[in-house]
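# Sequence and predicted structure, then a few things I'm wondering about:
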Amino acid sequence: MLMRTLRDMNLSKFVAEDVPLFLSLIEDLFPGLRAAPMTHKAVQASLDKRIPELNLQPLPSWVLKVIQTYEMSLVRHSLMLVGPSGTGKSRIVEVLHKTLEGCTPSDMEPPMVGQSHKEMRMNPKAITAPQMFGFLDFVANEWTEGIFASIWRKANKDKKH
């Protein structure tokens, strides 16, 4: 379990050239141990339908990034897709949303499968930190909510716990 966690939590962070080195290190740390990759049958089936619907080519490396993004969303509170423009980051998010919405919910998949998804974006470089998170006016002793806090509250307003 530890080996799988180390592998799955870090593999998506590496550039292609570093993956063999990382896997070699994992092999050295856990000799003879092989963990099968996790499978997400409902998600994979929905993804296989969405790719042609959106006129995309199912390049294995790109499909893997969609699955890795999904897996990261299962264990992280938030994530960032970084890289040069035109490399498919926005498309990964779009396809993942459509994939999850198109899934048939099952007991084997997390609750987000089969649910509608809404994306809320903000550009942190276009605003200051106080504008993003909020600030306290010390004279009036009044808190002014930032854009992020406002978006977060709206996103969770109707969420059932």
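Perfect, thanks for sending it. What you see is a predicted model, and the numbers here were worked out from it, not measured in a lab. Numbers count the residues shown, from 1 in each chain.
# List the buried residues in stretch 96-104.
If you call a residue buried by 16 or more other Cβ atoms under 10 Å, then stretch 96-104 has these buried ones: Leu96, Lys98, Thr99, Leu100, Gly102, Cys103. Quick note: C-beta positions are derived from backbone N, CA and C, even for glycine.
# Give the rounded mean pLDDT of that stretch.
Averaging pLDDT along stretch 96-104 yields 87.
# ok, and for the longest helix seen in the chain, which residues are buried?
Residue-count comparison of every helix in the chain, with assignments taken from DSSP state H, identifies helix 60-75 as the longest. Counting neighbours by 16+ other Cβ under 10 Å, one finds that the buried residues in helix 60-75 are Trp62, Val63, Lys65, Val66, Ile67, Gln68, Thr69, Tyr70, Glu71, Met72.
# Let's see the pLDDT reported for the residue lying farthest from the centre of the chain.
Most distant residue from the mean C-alpha position of the chain: Val139, 40.8 Å away (Cα atoms, centre = their mean). Reported pLDDT at Val139 in the predicted model: 94.
# Against Asp48, how distant is it?
As judged by Cβ to Cβ, to the nearest Å, Val139 and Asp48 stand 59 Å apart.
# Contacts for the helix or strand containing Arg4 next, please.
Element membership of Arg4 [criterion: DSSP states H and E] is helix 2-10. Contacts to helix 2-10, defined as Cβ atoms under 8 Å, 6 or more residues apart in numbering, come from residues Phe22, Leu23, Ile26, Leu29, Phe30, Leu33, Ala35, Met38, Glu71, Val75.
# chain center to that helix: distance?
Using Cα atoms, centre = their mean, to the nearest Å, we find the averaged C-alpha position of helix 2-10 to lie 16 Å away from the chain's own average C-alpha position.
# Next, the buried residues of it.
Leu6, Arg7, Asp8.
# okay if I get these as JSON lines plus pLDDT and distance to Val113?
Putting the buried residues of helix 2-10 into JSON lines (pLDDT from 0 to 100; distance: Cβ to Cβ, whole Å) gives the following:
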{"residue": "Leu6", "pLDDT": "78", "distance to Val113": "25"}
{"residue": "Arg7", "pLDDT": "78", "distance to Val113": "23"}
{"residue": "Asp8", "pLDDT": "73", "distance to Val113": "18"}
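# Dump those residues into CSV; add distance to Met122 as well.
Output for those, formatted as CSV (distance: Cβ to Cβ, whole Å):
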residue, distance to Met122
Leu6, 32
Arg7, 32
Asp8, 28
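# Put the alpha carbons of the helix holding Arg4 into PDB.
Taking only C-alpha atoms (Å, rounded to 0.1, in the frame of the first residue of the first chain), the coordinates of helix 2-10 have been written out as PDB:
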ATOM      1  CA  LEU A   2       2.900   2.400   0.800                       C
ATOM      2  CA  MET A   3       4.600   1.700  -2.500                       C
ATOM      3  CA  ARG A   4       1.400   2.300  -4.400                       C
ATOM      4  CA  THR A   5       0.700   5.500  -2.500                       C
ATOM      5  CA  LEU A   6       4.200   6.800  -3.200                       C
ATOM      6  CA  ARG A   7       4.000   5.800  -6.900                       C
ATOM      7  CA  ASP A   8       0.500   7.100  -7.500                       C
ATOM      8  CA  MET A   9       0.800  10.400  -5.600                       C
ATOM      9  CA  ASN A  10       4.000  11.400  -7.300                       C
END
